[in-house]
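K.L.:
build me a structure from this.
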Amino acid sequence: MAPKIKSIAVSTGGGDAPGLNAVLRAVVLSALGRGWEVTGIRKGYLGLLDTSQLVPLGRESVRGIAHLGGTIIGTANKGDPFEYPMKMPDGNIATFDRSDEIMANFRRLGLDALIAVGGDGSMRIAHRLTEKGIPIVGVPKTIDNDLEGTVVTFGFDTAVTVASEAIDRLHSTAEAHERVFVVEVMGRYAGWIALHAGISGGADAVLIPEIPFKLETICRKIMQREARGRHFSLVVVAEGAKPEGGVLTTRGDKPVGGEVRLGGIGEQLAAQIAVETGKETRTVVLGHLQRGGEPTARDRLIALRFGAAAVRMVAEQTFSVMVALDPPTVRAVPLGDATRRMKSVPLDCDTILTAREMGLCLGDET
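P.N.:
Residues are numbered from 1 along each chain as shown. As a prediction, the model looks like this:
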């Protein structure tokens, strides 16, 4: 017979996303309702290496937080315990596997399960930790919506809403000054945010990582609008988009134990458009604005459902899984399946077809 659950922990890792606090509220209230104790792990998995980062979570801890952005227990996106960066005496940085320390601390603290909230990187770490013996239920979180196995992740709807509202606002100033605006949005290697926000905001061109673009195609679209008396254009570009035959645009070197920083494609593209079309062109980089602030009602509800479902799975002692939205239900998918590949925008999906049929430029020749 499996041991009775008495005490669980919850962590939030990776980049922050609107809805994290809603997950924490649902986890804590659902667990307390079963008579369990809940421990919050500050700064992602780092809190299991430095146990001074652990905090008890009760009803008062999560009162009135579902509508708040950020996370009350903090997060970290540079804390992979399997490749932990440490500075050596000679000044160089080396990485070490500290996962055994996490295992020892988890057992010493008497924890029965961990609910790990995070994106693709956090879920991959969770999968490796389950293989070492920690009972984990994962909760998918990413504004990029690039996690396989779930129809959508919380944080995505808020990011799209922020981006589409920004595009809405740019229409009037672009038209007033007869300018081209290039709006760079987040999304890393997937084009979900750019595609949804670009279509919803009425952009004229939407460039995503899944479709390498041609500068001449974009400029032709802008000049066609010019010929029709539309002396302004809006181009939405995902940070991971790249020209046909080109490479990703990045900022700085990849840090040890971290991910490469994408960014700069908007500025680069705007400069090229200005040269090719003669149009005054401006760049707007939304960046972390898409992560901040209150989650939309949709993201709040998804997050609350995910948190409650994660606790149910712990109660059923169903581990090494990730909760996933499979309308109309939330179900469990194996962590290995959820992290096997990135969820890209299918080129034959209805949203892409809609964009093409409405005459949006996607940067290719079609």
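
K.L.:
tell me where the chain is predicted with low confidence.
P.N.:
The chain contains residues with pLDDT under 70 at 1-2, 253-258, 366.

K.L.:
how far away is the most centrally placed residue in it from residue 122?
P.N.:
Compute the mean C-alpha point of the chain, and by C-alpha atoms, centre = their mean the closest residue is residue 142, 2.4 Å away. If you measure residue 142 against residue 122 using C-beta to C-beta, to the nearest Å, the figure is 9 Å. (Each C-beta comes from the backbone N, C-alpha and C, glycine too.)

K.L.:
could you do residue 328 as well?
P.N.:
Between residue 328 and residue 122 the distance, using C-beta to C-beta, works out to 26 Å.

K.L.:
the more surrounded of those two?
P.N.:
Legend: neighbour count by other C-beta atoms under 10 Å for residue 328 and residue 122, higher for residue 122 (29 against 5).

K.L.:
for the more buried one, what are its contacts?
P.N.:
If you count contacts by C-beta atoms under 8 Å, 6 or more residues apart in numbering, residue 122 has them with 13, 14, 44, 45, 116, 138, 141.

K.L.:
ok, now how distant is the first one from residue 146?
P.N.:
If I follow you right, that is residue 13. Distance, residue 13 to residue 146, using C-beta to C-beta: 16 Å.

K.L.:
out of those two, which sits in the busier spot?
P.N.:
Residue environment comparison for residue 13 versus residue 146 gives the larger neighbour count to residue 13, 28 against 25, counting by other C-beta under 10 Å.

K.L.:
quick one: contacts for the closest residue to that one other than its chain neighbours?
P.N.:
Nearest in space to residue 13, with sequence neighbours left out and distances taken as C-beta to C-beta, 6 or more residues apart in numbering, is residue 44 at 3.2 Å. By C-beta under 8 Å, 6+ apart, the contact set of residue 44 is 11, 12, 13, 14, 74, 75, 76, 77, 79, 118, 122.

K.L.:
tell me where the stretch 151-300 of the chain has helices.
P.N.:
Taking DSSP state H, counting those that start in this stretch as the test, the helices found in the stretch 151-300 of the chain are 156-177, 192-200, 215-227, 265-277, 297-315.

K.L.:
closest to residue 360 out of these?
P.N.:
Nearest to residue 360 among the helices of the stretch 151-300 of the chain is helix 192-200; the distance by C-beta to C-beta comes to 6.8 Å.

K.L.:
so how far is that closest one off the chain centroid?
P.N.:
On the basis of C-alpha atoms, centre = their mean, to the nearest Å, helix 192-200 is displaced by 15 Å from the centre of the chain it belongs to.

K.L.:
what does stretch 148-157 give?
P.N.:
Once both centres are worked out by C-alpha atoms, centre = their mean, stretch 148-157 turns out to sit 9 Å from its chain's centre.

K.L.:
in a strand, residue 333, correct?
P.N.:
Yes - the assignment for residue 333 by DSSP: H, G, I helix; E, B strand; the rest coil puts it in a strand.

K.L.:
how many neighbours does it have?
P.N.:
Under the neighbour criterion other C-beta under 10 Å, residue 333 is assigned a count of 18.
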